[in-house]
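> using only what follows, build the 3D model:
(2 chains)
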Amino acid sequence: MSGALVSARPRRRGHDRLRRALVAAGSAALAAIILIWSLIPVYNMFLVALDPSGHNEFSWEIWPSHPTTAAFTTLWTGDEEDVRDIWPQFGNSILIGAMVTVLTVLVGSCASFAIGRMRLARDHTLTSVALLTYAIPASTLIIPFLRVMHVYGLMDSPWAVIAAEVTFATPYAILVLLYYAKLIPAELDDAARIDGASVVQLYLRIYVPLMAPALAAVGTYALLFAWNDYFYQYMLLASERHTTVAMALEQFFDDDDAPWNYMMAIAILYSLPPIAIFFALRRFMAKGLAGGAVKG
Amino acid sequence: MSGTVGVVAARGPVAFGRPQLPAWRSHLHGSDLAWSIAFVVPYAAFFVAFLVYPMIYGLWMGSDPALYAELLRDPRYVRAALNTVALVGLAVNVQMVLALLLSGFFARRRRWIKALLVIYILPWTLPAVPAYLSFHWMLVANPQGLLDNLLSALFGIEPVFWFSHGWSALAWDIVASIWKWMPLWTLIFLGGRMAIPQDVYDAAKVDGASPYRCFVHVTLPLLANLYLVSTLIATIWTLGDYAPVLFVSAGTPAFTSDVVSTLGFHYALDYANPPLGVAAGLSVLPLLIPAVVLLMRRLKAMEVQL
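Got it, this is the predicted structure:
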């Protein structure tokens, strides 16, 4: 028996080594595919933005032969007709993004606190109601929205866009927050109540601090949502002074003679804030997303 | 908490002393009740003012049956409806299966894999409009587009006019949609895998289970619910997502790569017929409502388990 073991071992070891080498080669190949797949459109943005002519003449080079940051400098100085208003447009996008983030976190945390912690109603009552939001596609609701915003006197106001985006970002936020809220022991609230804490104090002193990671995740999600949106901004905002970056990019897209290097330079700048915030809060994001999802 | 309530309800009210309150009655009283209601009021206000009202208004706009007869007579609509089914069916299922498999790759605790994950989730963090416009430029700028140049440099393939056929234009919309959303679902499945206790796998290994059998008999059953819920959410979102079609192929050529939502915009804006646009959007309800109902039931079932 020991003889069989001794003779079996070297062959087994060789087999293992071969398998490990195959796994390593496979992982490396997969990693290369993932890298190319994820980065090609990003690479394309830089290729066009750094090209002097605004046209990308790819000739088996990994980088343009005469890269220039002229497009970015022009954006900064605003010398070109097409990009003169780009900074006010960034201001508009930031205002909408920031307000959607703050309001979604505020409204979502209050609602999930009342249902999840105070147990005003059963969880699934609220989640079912919130899910109704998705029962009609957001794109279909845009057309009736025009009429509704007219009634509210919010036409051509950034607040119309903010209200619409908060309405669509909050249900998912509530779903995530409700599941996360269950991880906090109910005894904490009971103990605080015995010490005479009011409902508002429970919210401010216990719920918000303990839920901070989930709130950060939900806030980042809301910001990404606002930054992704284009059609609500396009439909609900008319005047030039309310134009956002997403709308400006679409105007470039519609114009056949548009300089694509400016467009891609704007696209890169517009992509930076959500990426920066996402990676700054990455740890919370992973937790918050999983917190909502994994319980399933 | 509500978990226990759910379990009690599932077993029937007979043996348990505590009476079950009806859904609309709360155990809260006095100022607690008032405060709790006050905390829900902001969301309720948004919900009624910016969802229920436009929803009812939209249903009213699209309530005329003649609109749907008009839609069915329009060959552009029939094509867009088929495109919608193809886009949702392919984009959602491909990204879910790939995300499930890739989450296993990213679950390994190596430093370089963590670094790779950071790059992999980049598409999800990129705003939709610039990302899809980059796709468009990569494909359409014939003969200078990046993809055509790469193909000709690597394989000597002649430039392809990707957007001259409806089906190839739609295929690129699907690819772009998968590119943008797959990282989100990979992260969610990764979270799900991390939540599976390691000793379950250890036990399976002691019993001599191969990695393949571990995946089929441990990972899959434990992630099944999460997979189903994620698929339903992705289906609902993709049905309403106009961005890949609007910015990658722009419906070219001649509306043949449009989906129902983008065609609805054309009806409403270019043809000044908003009711027809709303009707086009509402025509996905036969696909959407089952998904929403199923999702509600799954989420309710999950609560009983908790």
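
> please count neighbours and contacts with C-alpha atoms only from this point.
Will do.

> quick check: domain ranges of chain A?
Listed domain ranges for chain A are A:2-77, A:81-294 (source: automatic domain parsing).

> tell me which of the ones you listed sits most buried.
domain A:81-294 (a mean of 20; mean count of other Cα atoms under 10 Å in any protein chain shown).

> so how many other residues sit close to residue B:163?
By other Cα atoms under 10 Å in any protein chain shown, the residues close to residue B:163 number 23.

> that one contacts residue B:252, correct?
Yes. Between residue B:163 and residue B:252 there is a contact at 6.2 Å, judged by Cα atoms under 8 Å.

> anything in contact with each of those two?
Listed as contacting both residue B:163 and residue B:252 by Cα atoms under 8 Å, 6 or more residues apart in numbering or on different chains are residue B:169.

> could I get the domains of chain A as JSON lines with mean pLDDT?
Listed next are the domains of chain A as JSON lines, based on pLDDT from 0 to 100:
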{"stretch": "domain A:2-77", "mean pLDDT": "73"}
{"stretch": "domain A:81-294", "mean pLDDT": "82"}
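
> now tabulate those domains in JSON lines and tack on distance to chain B.
Formatted as JSON lines, these follow (distance: least, Cα to the nearest Cα, whole Å):
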{"stretch": "domain A:2-77", "distance to chain B": "5"}
{"stretch": "domain A:81-294", "distance to chain B": "5"}
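
> any chance of those domains in TSV with distance to residue B:198 as columns?
Formatted as TSV, the domains of chain A follow (distance: least, Cα to Cα, whole Å):
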stretch	distance to residue B:198
domain A:2-77	21
domain A:81-294	15
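
> closest to residue B:71 out of those domains?
domain A:81-294 (15.2 Å; Cα to Cα).

> distance check, the spatially closest residue to residue B:83 that is not a sequence neighbour against chain A.
Using Cα to Cα, 6 or more residues apart in numbering or on different chains and skipping residues adjacent in sequence, the residue nearest residue B:83 is residue B:259, 5.6 Å away. Distance of residue B:259 to chain A, computed by Cα to the nearest Cα, to the nearest Å: 11 Å.

> list the contacts of residue B:259.
B:80, B:81, B:83, B:84, B:242, B:245, B:251 are the contacts of residue B:259 under Cα under 8 Å, 6+ apart.

> where does pLDDT dip in chain B?
Where chain B drops to pLDDT under 70, the residues are B:1-29, B:141-144, B:301-306.

> give me the residue at the spatial middle of it.
residue B:234 (1.6 Å; Cα atoms, centre = their mean).

> residue contacts, that one?
Contacts of residue B:234 (Cα under 8 Å, 6+ apart): residue B:92.

> from residue A:237, how far out is it?
28 Å (Cα to Cα, to the nearest Å).

> now residue B:226: which helix or strand?
Per DSSP states H and E: residue B:226 is located in helix B:220-239.

> tell me which residues in that helix are buried?
With burial defined by 16 or more other Cα atoms under 10 Å in any protein chain shown, the residues of helix B:220-239 counted as buried are B:220, B:222-223, B:225-239.

> next: stretch B:278-297.
Buried, per 16+ other Cα under 10 Å, within stretch B:278-297: B:278-285, B:288-289, B:291-293, B:295-296.

> what of stretch B:94-105?
B:94, B:95, B:96, B:97, B:99, B:100, B:102, B:103, B:104, B:105.

> show me those that map onto strands.
Nothing among the buried residues of stretch B:94-105 maps onto strands, per DSSP state E.

> closest to residue B:207 among these?
Of the buried residues of stretch B:94-105, the one sitting nearest to residue B:207 (Cα to Cα) turns out to be residue B:104, at 21.1 Å.

> quick one: residues contacting that closest one.
B:190, B:193.

> then residue B:179?
So residue B:179 contacts A:37, A:38, B:123 (Cα under 8 Å, 6+ apart).

> need those in JSON lines with distance to residue A:193 and secondary structure, can you?
Output for these, formatted as JSON lines (distance: Cα to Cα, whole Å; DSSP: H, G, I helix; E, B strand; the rest coil):
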{"residue": "A:37", "distance to residue A:193": "54", "secondary structure": "helix"}
{"residue": "A:38", "distance to residue A:193": "51", "secondary structure": "helix"}
{"residue": "B:123", "distance to residue A:193": "46", "secondary structure": "helix"}
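
> near chain A, which residues of the stretch 101-250 of chain B?
With Cα under 8 Å from any Cα of the partner chain as the criterion, the stretch 101-250 of chain B meets chain A at residues B:116, B:119-123, B:125-131, B:133-135, B:138, B:144-146, B:149-150, B:153, B:179, B:187-188, B:191-192, B:195, B:225-226, B:229, B:236-237, B:239-242.
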